[in-house]
Every structure is written in structure tokens, then in C-alpha cells.
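Visitor: Here is a sequence with its predicted model. Questions after.
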Amino acid sequence: MTEQDLTLISHPLCPFVQRAVIVLREKGVGFDRVNVDLSAKPDWFLALSPTGKVPVLKVRQPNGQDAILFESVVICEYLNETQVGVSMYPDDALLRARHRAWIEFATQTFADGWQFLHAKDVETADARRTSFSDRLSKIEAELGDGPYFAGADFGLVDAVYAPLFRYFGIIDAAVADTIFASLPRLTAWRAALAERPSVRNAVIGTYPDLFRDHLRQQGAMIAA
């Protein structure tokens, strides 16, 4: 595919967009990127996205028309299946199913982590931290020697979780330490993901400042 064949509808802060960008960069695929203002969604975007959310991937067809994909994991799996390069899923059907299960596990893990980061009071922060930490402990028990989720090979599970872990390299290290201090394997996984070029380059250089500004605007306690 040429650069014009794939267009990613995006927002600079969206972690789910980052998943798709990571896979595109892992596959070495050129693509166009169009950012939308999610606080004032344009009509053309709402016509494309049934959920009103990003990412959306436009795939140019041989007849010149665009096929539209939405939902980040669906987009990532499509890219994995259609683009050249090593598959980001295991060949073994059982292992592949287990990876998909841990990707599904990421949904509530993201929600708990996001709610912790945006908590406006101690009571909410403590409750969300407990829930988030419980889910992270389950991931810790699944991890091996690394450096990635399934060992030496970077896969779709890594691409899915990397944007979540990025947040905790941006906020106050003392806050992150309260969550990850007792999770050595997960801490090592976070570090390996942070160094992966596809992960680093999935966001713009000013992303940390943008995210910290976002937390302040939302009145998050940890941004005070």
C-alpha cells in the first residue's frame, strides 16, 4: 500500500490511536494522519465513525472508494493480517487466543488506570488505585522473563498496553512508584516498551506536556 491507501483519523492524546500507530510503525507502513477536535467533532468525522471516537482507519480500495474501520484492536488486527512483516500474533491457535484474552483484559485495566489518573479526591484515587493495582498484579503473574509480554518478540499485546504505561512515565515518579514498586516484571516490561522505537514515535514530542496540561484542565488531583 502507498501512503495514500491508509489514512488514520486521530487525536494527539488518544491512547487508542497510539495502538494503531505502533502497529503501523512496526510494519513499516506509510500512512496519512488527520487529527480531529473531539470537543467539536466535525460532521464528516461523525459520518465515518459510528461511535464518534478515534481511531478510524480509511482504507483506499482498488476501485478508489474508502473502506472504513473503527475500534483500535480491530484496526490493529487488520493491519497485522494485511501488511508485510512478521505477524504480531503467535502462530499457535491456543497462544493466539490467550493473547486476545489479555488484550480484552486491557479494556477495564485502561478504565481503572484512567480513572485513577483523573481522580479529583483522595477517596476516589485510593479506590481506583486498588482496582488498577489488582489488575496489574494479574498481568504480573502472567509475564515471563521478557523483555516483552510473550518473551523476545514484540506483539499486539505489547502495542495495546504500551500507551497506558506511557502515562506513568509522565506523571510524578513517586505516584507511579506506589503502583509499580511491587511489580518487578511489569516494571521491566514498561521500561522495554518505553524504549521501543515504534512506541516512542507513536506520539509527538510535546505529548508529555500536552498530557500534563490535560490533567490540570480536568482538575486531576495528581496534577496539583
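Guide: That came in fine, so what should we check first?
Visitor: After the helix ranked longest in the chain, which helix or strand is next?
Guide: Scanning the chain for the longest helix, with DSSP state H as the assignment, gives helix 93-117. Proceeding C-terminally, helix 93-117 gives way to helix 122-142 as the next helix or strand, assigned by DSSP states H and E.
Visitor: Run the chain-centre distance for that following helix.
Guide: 18 Å (CA atoms, centre = their mean, to the nearest Å).
Visitor: what angle do it and helix 93-117 make?
Guide: An angle of 160 degrees separates the directions of helix 122-142 and helix 93-117 when computed by axes from the mean of the first three to the mean of the last three CA atoms, to 10 degrees.
Visitor: on that earlier part again, could you name the helices and strands sitting against the longest helix of the chain?
Guide: helix 122-142, helix 156-167 (3 or more CB pairs under 8 Å, 6 or more residues apart in numbering; DSSP states H and E). The way it works is simple: take the backbone N, C-alpha and C, and place the C-beta from them, glycine included.
Visitor: show me where the chain has strands.
Guide: Listed in chain order, the strands of the chain (DSSP state E) span 6-10, 32-35, 56-60, 66-70.
Visitor: For those, could you give me JSON lines that also reports mean neighbour count?
Guide: Below are the strands of the chain laid out as JSON lines (neighbours: other CB atoms under 10 Å):
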{"stretch": "strand 6-10", "mean neighbour count": "21"}
{"stretch": "strand 32-35", "mean neighbour count": "14"}
{"stretch": "strand 56-60", "mean neighbour count": "20"}
{"stretch": "strand 66-70", "mean neighbour count": "14"}
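Visitor: Any idea which of these gets closest to R190?
Guide: With CB to CB as the measure, strand 6-10 is the member of those nearest R190 (23.7 Å).
Visitor: which residues sit against the helix or strand of the chain with the lowest mean pLDDT?
Guide: For the chain, scoring each helix and strand by mean pLDDT, DSSP states H and E identifies helix 173-180 as the least confident one, at a mean of 94. Among residues not part of helix 173-180, those counted as contacts by CB atoms under 8 Å, 6 or more residues apart in numbering are 129, 132-133, 136, 168-169, 186-187, 190, 222.
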